[in-house]
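Chemist: My questions are about this predicted structure, shown below with the sequence.
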Amino acid sequence: MPTPRPRRWWTATSILVASLMTTPVHAQEAAPSMAGRSTVYAPTGAIATSQPLATAAGLAVLQRGGNAFDAAVTAAAVLNLVEPHMTGMGGDLFAMLWSARERRLIGLNASGRSGSRMTREALTGKRLDAVPLFGAAPITVPGALSGWVALLDRYGTIPLAEALAPSIRLAESGFPVSPIIAAQWAAEVERLRQDDGARATLLIDGRAPRAGEWFRNPDLATTFRLLADSGPGVFYGGTLGRKVVDRVAALGGFLTLEDLAHHRAEWIAPISVPFRGHTVWELPPNGQGVAALEMLRILEAYDLRAMGHNSATYLHYLIEAKKLAFADLARWVGDPDAMTVSADRLLDDRFIQARRAALDPDRAATRVEPGAAVTSSETIYLAAADADGNMVSFINSIYWEFGSGVVVPGTGFALQNRGAGFTLQEGMPNTLAPRKRPFHTIIPAFVTKPGANGEEPWLAFGVMGGSIQPQGHVQVLLNLLEFGMDLQDAIDAPRFRHFDGVRVGLEAPIADSVRRALAALGHELVALPPGDAGGAQAIMRLLRGWAAGSDPRKDGMAAGW
């Protein structure tokens, strides 16, 4: 067996709390990797997020006796503050959670709808051929807060006020900004300067905070304190909601107070496919999780392990499967109320066999049509697990960096631009219409496996980053199930990202010989910086205790106790 790669401890921000638990999760072979973090092993509970202060806040909840759902909401509120370009109560939320008490997996869709005044004609009348990406026009109802409340009310043990308390304290006193976040923040300064609220809230003397520089957001503290005192109704139809919709209307947007009051988070049933002795779960549309499942179904017929990890053949098959699944995604997926073909149909044997037959093993497809039966993003993902065996796979996003770029003065949070996910093309499941859920890129994932008492929870994981998400889900999962990697190595391993046509990004550790072979197959290769390769977090259940990992492409960390 090759000598394991050396650990570069100066890059590792994960915390190993239970040092006695050293039995590996899988036998592994050394593979090129992005960093030298170790998997976190812990006996009692674990949490993995994209920013250390959020991880610390969630871990403190677990240590005080709170459960995984309490920890997830607490961490999400802190991320609203410390990673404001990615997430917050101005965005949407999806989650899958394993309830140890109920012994089942449950899905939560807390995505908002378009405003009742948001019509296709309102935009085409302005001679627009697409929903604008920024400004007030693409702002849809923020659903994240409703998801936080739904999780706590149904499965949590602490009130909303307690979950918001760490974020309130940090927002008032301040914190030093972490380096990757600082760099991403700086790239958006010009856009933030264009909105009065964003400029006042998110910039320091007209610039982004630097790495290590102290940053405060007292407006967010005020908003969260109002929610803690008055409850979510103050936003969904109350005084805070009025403040938001009045500002959005003044900027040319389409939300009304009734749109906010009408919003509800929904408990839903996840969808799944079997793969290599496990069951892989995603949420049904309006998200793109079905694409990850379709990719796995197409690929299950091939001996991927024999191809070799990140070999040219292996990557070619994954890339081509992605093209097929995404062609179906674009044509057939949107608000489930507007879909004419179900997600189950996209995963059935006949359909998958036809899609698999369209995969050319010898040439990159330049154009892929959707199957005959059927039709970039800024996000945080976190996972948490507790002493009782509860697990949560949780994703919260405002879509692009700082969403719409609009911050209502005095509120402290950016509003999402998720309406830009609609199409103005007529007759599609995702065609813009009033009070309609847009197609969503953000997807949590979950894996179960057979146990003595039926299906048992095994893995909560996700990969942030727009269209990389289904691609990342498949790559991380194959690293685990096909190549027996340790959890952190499965996250670290270099990735591809297919963009469009034959353009494919490869991370630097992928060998030049592989690149030449892919080019010979017709792929156009481009560089893939770590920021474009997605960011993963994951927690795995062991026979006793937990394993957790956090992506070195982000500032975050995994921790356990």
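Modeler: Structure received. Residues are numbered from 1 along each chain as shown.

Chemist: Point out where the protein drops to low pLDDT.
Modeler: Within the chain, the ranges that satisfy pLDDT under 70 run 1-35, 371-378.

Chemist: Where is the longest strand in it?
Modeler: Longest strand in the chain by number of residues (criterion: DSSP state E): strand 454-464.

Chemist: name the helices or strands packed onto that strand?
Modeler: Here strand 454-464 touches strand 92-99, strand 378-385, strand 391-399, strand 445-451, helix 468-481, strand 535-541, going by 3 or more CB pairs under 8 Å, 6 or more residues apart in numbering; DSSP states H and E. For glycine as for every other residue, the C-beta is placed from the backbone atoms N, C-alpha and C.

Chemist: Make JSON lines out of those and add mean neighbour count.
Modeler: JSON lines is the format used below for the helices and strands packed on strand 454-464 (neighbours: other CB atoms under 10 Å):
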{"stretch": "strand 92-99", "mean neighbour count": "27"}
{"stretch": "strand 378-385", "mean neighbour count": "32"}
{"stretch": "strand 391-399", "mean neighbour count": "30"}
{"stretch": "strand 445-451", "mean neighbour count": "20"}
{"stretch": "helix 468-481", "mean neighbour count": "26"}
{"stretch": "strand 535-541", "mean neighbour count": "29"}
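
Chemist: mind putting these in CSV, distance to Ser550 included?
Modeler: CSV is the format used below for these (distance: least, CB to CB, whole Å):
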stretch, distance to Ser550
strand 92-99, 18
strand 378-385, 9
strand 391-399, 14
strand 445-451, 16
helix 468-481, 12
strand 535-541, 5
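
Chemist: Quickly note the distance from Asp129 to Leu432.
Modeler: 12 Å (CB to CB, to the nearest Å).

Chemist: For those two, indicate the residue with more neighbours.
Modeler: More crowded of Asp129 and Leu432, by other CB atoms under 10 Å: Leu432, with 24 against 9.

Chemist: so what's that one up against?
Modeler: By CB atoms under 8 Å, 6 or more residues apart in numbering, Leu432 lies in contact with 114, 118-120, 123, 131, 419, 422-424.

Chemist: most surrounded residue in these?
Modeler: Gly419 (29 neighbours).

Chemist: now that one, nearest residue through space, not along the chain?
Modeler: Pro138 (3.7 Å; CB to CB, 6 or more residues apart in numbering).

Chemist: For that neighbour, identify the helix or strand it belongs to.
Modeler: In the assignment (DSSP states H and E), Pro138 maps to no helix and no strand.

Chemist: Pretty sure it sits against Asn417.
Modeler: Yes. The pair Pro138 / Asn417 is scored as a contact, 4.0 Å apart, by CB atoms under 8 Å.

Chemist: list the residues that contact both of those two?
Modeler: Counting by CB under 8 Å, 6+ apart, the residues touching both Pro138 and Asn417 are Ser404.

Chemist: hang on, the earlier thing: report the angle between the longest strand of the chain and helix 468-481.
Modeler: Counting by axes from the mean of the first three to the mean of the last three CA atoms, to 10 degrees, strand 454-464 lies at 130 degrees to helix 468-481.

Chemist: Past the helix or strand containing Asp229, which element shows up next along the chain?
Modeler: Using DSSP H and E, Asp229 falls within helix 218-230. Downstream of helix 218-230, the first helix or strand assigned by DSSP H and E is helix 239-250.

Chemist: Put the alpha carbons of that next one into CSV.
Modeler: The C-alpha coordinates for helix 239-250 follow below in CSV (Å, rounded to 0.1, in the frame of the first residue of the first chain):
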residue,chain,number,x,y,z
THR,A,239,-43.6,45.4,11.1
LEU,A,240,-40.2,44.1,10.0
GLY,A,241,-41.9,42.6,6.9
ARG,A,242,-43.5,45.9,6.1
LYS,A,243,-40.1,47.6,6.3
VAL,A,244,-38.7,45.1,3.8
VAL,A,245,-41.5,45.1,1.3
ASP,A,246,-41.8,48.9,1.3
ARG,A,247,-38.1,49.2,0.5
VAL,A,248,-38.2,46.5,-2.2
ALA,A,249,-41.2,48.2,-3.8
ALA,A,250,-39.4,51.5,-3.8
